[in-house]
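Chemist: Below are the sequence and a predicted model for it; my questions follow.
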Amino acid sequence: TLARIAPPTKAWLPPLPSAVTLDELPDLVVSDAIPVGLCDLPEQQTQRAFAIDLAHGGHVLVVGGPRSGRTTALRTIAGSVARSFKPSDCHLYVIDCASGALAALRSLPHCGTVVSRDETERGSRLLNRLMDEVLRRQEALRPAGFSSIAEQRHDRSSDERLPWMVLLVDGWDGFQTAYDAVDSGRPMDTMLRLLREGSAAGL
């Protein structure tokens with residue numbers, strides 16, 4: 001200051017806050033995305049919202065040990081869905097094979113159902129229903145010349161767009177244990193097919 005020399009540019013941005021609300025996240029530049037957090041990009045010298053891009057992204061796997069925040073991440077995703085979309089524009093389905101902490105999501109108007117760990121019959125019906133919807137959409141998109149729901153939503157007016165479908169599964173290991181023993185593992189096969197074919201159909 002005495003030599004009237006400007007202070008040097010800081011090499012790093014301030015550290016990420018220990019907690020951030022969805023209202024505090026920077027605005028997204030893409031539509032049809034679910035903001036869930038703040039990410040630090042040191043090489044680009046920037047911090048921006050981290051979001052799940054429904055139109056151009058894929059499935060998301062949250063990995064961690066017990067009490068690492070996996071369930072909290074799913075609750076955040078669900079809350080962001082409710083905040084970012086109308087109930088008619090994004091449907092939420094939940095299979096909770098962990099602690100049962102996602103039961104509260106039943107109160108969201110976007111939520112079709114929350115299936116607990118011991119409700120394997122309901123879970124099987126849900127997976128079959130989602131598979132039927134994916135197949136129905138595939139049949140509807142093909143004659144119209146669309147390769148994905150993203151294309152259909154981009155081309156159609158708001159009242160003609162097919163809604164997104166978001167399936168949250170908490171406790172993948174618990175899901176495998178519970179459903180491998182149901183109907184010779186058929187629900188697990190259905191889930192894997194949904195993972196392969198669901199994205200283009202809006203799941």
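Modeler: It's in.

Chemist: what about this protein, any weak spots by pLDDT?
Modeler: For the chain, residues meeting the criterion pLDDT under 70 lie at 1-2.

Chemist: Helix or strand: which one has the residue lying closest to P26 once chain neighbours are set aside?
Modeler: The spatially closest residue to P26, leaving aside those adjacent along the chain, is A49, at 5.0 Å (Cβ to Cβ, 6 or more residues apart in numbering). Yep, even glycine has a C-beta here, placed from its N, CA and C like the rest. A49 is part of strand 46-53, with elements assigned from DSSP states H and E.

Chemist: now do V94
Modeler: Going by DSSP H and E, V94 is in strand 90-96.

Chemist: And that strand, what does it pack against?
Modeler: With contacts taken as 3 or more Cβ pairs under 8 Å, 6 or more residues apart in numbering; DSSP states H and E, strand 90-96 sits against helix 70-84, strand 111-116, helix 120-144, strand 164-170.

Chemist: and the longest one, how far out from the chain's middle?
Modeler: Averaging C-alpha positions (Cα atoms, centre = their mean, to the nearest Å) puts helix 120-144 18 Å from its chain's average.

Chemist: and if you look at stretch 193-203?
Modeler: Put simply, stretch 193-203 sits 13 Å off its chain's centre (Cα atoms, centre = their mean).

Chemist: Within its sheet, name the partner strands of the strand holding A49 and how each one runs.
Modeler: strand 33-41 (antiparallel) (DSSP bridges).

Chemist: The strand holding A49 to helix 70-84, inter-axis angle?
Modeler: 80 degrees (axes from the mean of the first three to the mean of the last three Cα atoms, to 10 degrees).

Chemist: State the distance from the nearest residue to V20 once chain neighbours are set aside to T46.
Modeler: Excluding the flanking residues, the one nearest V20 by Cβ to Cβ, 6+ apart is L38, at 5.1 Å. Distance, L38 to T46, using Cβ to Cβ, to the nearest Å: 11 Å.

Chemist: now T76
Modeler: Per Cβ to Cβ, T76 is found 22 Å from T46.

Chemist: more neighbours, these two?
Modeler: T76 (16 against 11; other Cβ atoms under 10 Å).

Chemist: Tell me which residues touch that one, please.
Modeler: Neighbour list for T76: 22, 36-37 [criterion: Cβ atoms under 8 Å, 6 or more residues apart in numbering].

Chemist: Kindly indicate which of these lies nearest R142.
Modeler: V36 (32.5 Å; Cβ to Cβ).

Chemist: Enumerate every residue touching that closest one.
Modeler: So V36 contacts 50-52, 73, 76-77, 80 (Cβ under 8 Å, 6+ apart).

Chemist: try E121
Modeler: E121 neighbours (Cβ under 8 Å, 6+ apart): V182.

Chemist: Understood, closing this out.
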